[in-house]
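Student: I'd like to go over a predicted model; first the sequence, then the structure.
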Amino acid sequence: MKRHWIFGLAVMLLGAAGLASAHADPRGLWLAEDGAKVRVGTCGGGYICATIAEPKSRLDPQTGQPWTDKNNSDPALRNRPLIGVAVLRSLQPSGPGKWSGTLYNNENGNTYEGHLLELGPRTIRIEGCAIGICGGRNLSRIQ
């Protein structure tokens, strides 16, 4: 009987660990594979958003100046600094370890269906989808 109790406790603990990871909190500072830093946090209406905290390099190699949102489809926004630009907007939970909203791709100025996926306790994936095809990048937790 004691073995059954220990087995039952182990099953409950493993189940609780799985439940905890399904409801993890992606807020924090994340490092992209290219060296850029992204801050995920709460924004208006209880949504989760992600903004560029630091570009992949201090200066844009094409201009020698700090990075701007130069590819934005709105010409009035092309000179704004890239730091602080929202790349994920209005994310809501859409499944275990998944949040969905919109993704702004500053590399081409387009907006897509966007997702933030929890791959593990220290890794997330930011994805954009168009016509059912998704692609993205993994990020590692800094803090």
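Tutor: Everything's here; your move.
Student: wouldn't residue 138 be in contact with residue 124 here?
Tutor: Yes. Counting by C-beta atoms under 8 Å, residue 124 is a contact partner of residue 138 at 7.3 Å. (C-beta placed from N, C-alpha, C; glycine too.)
Student: who has more neighbours out of these two?
Tutor: Ranked by neighbour count (other C-beta atoms under 10 Å), residue 138 and residue 124 place residue 124 first, with 26 against 16.
Student: which parts of the host helix or strand of the more buried one are buried?
Tutor: Using DSSP states H and E, the element containing residue 124 is strand 123-130. Using 16 or more other C-beta atoms under 10 Å as the test for burial, strand 123-130 gives 124, 126, 127, 128.
Student: what pLDDT does the model give the first one?
Tutor: Read it as residue 124. Looking at residue 124, its pLDDT reads 96.
Student: touching, it and residue 117? I think so.
Tutor: Yes. Assessed by C-beta under 8 Å, residue 124 is found in contact with residue 117 at 6.4 Å.
Student: tell me how far residue 124 lies from residue 79.
Tutor: Here residue 124 is placed at a distance of 30 Å from residue 79 (C-beta to C-beta, to the nearest Å).
Student: swap in residue 66?
Tutor: 11 Å.
Student: partner strands of the helix or strand containing residue 92, with direction?
Tutor: Here residue 92, judged by DSSP H and E, is contained in strand 86-95. With DSSP bridges as the test, strand 86-95 is paired with strand 47-54 (antiparallel), strand 98-105 (antiparallel).
Student: can you identify the element that follows the strand holding residue 124 toward the C-terminus?
Tutor: According to DSSP H and E, the helix or strand after strand 123-130 is strand 133-141.
Student: tell me how far that following strand is from the chain's mean position?
Tutor: With C-alpha atoms, centre = their mean, to the nearest Å as the basis, strand 133-141 stands 8 Å off its chain's centre.
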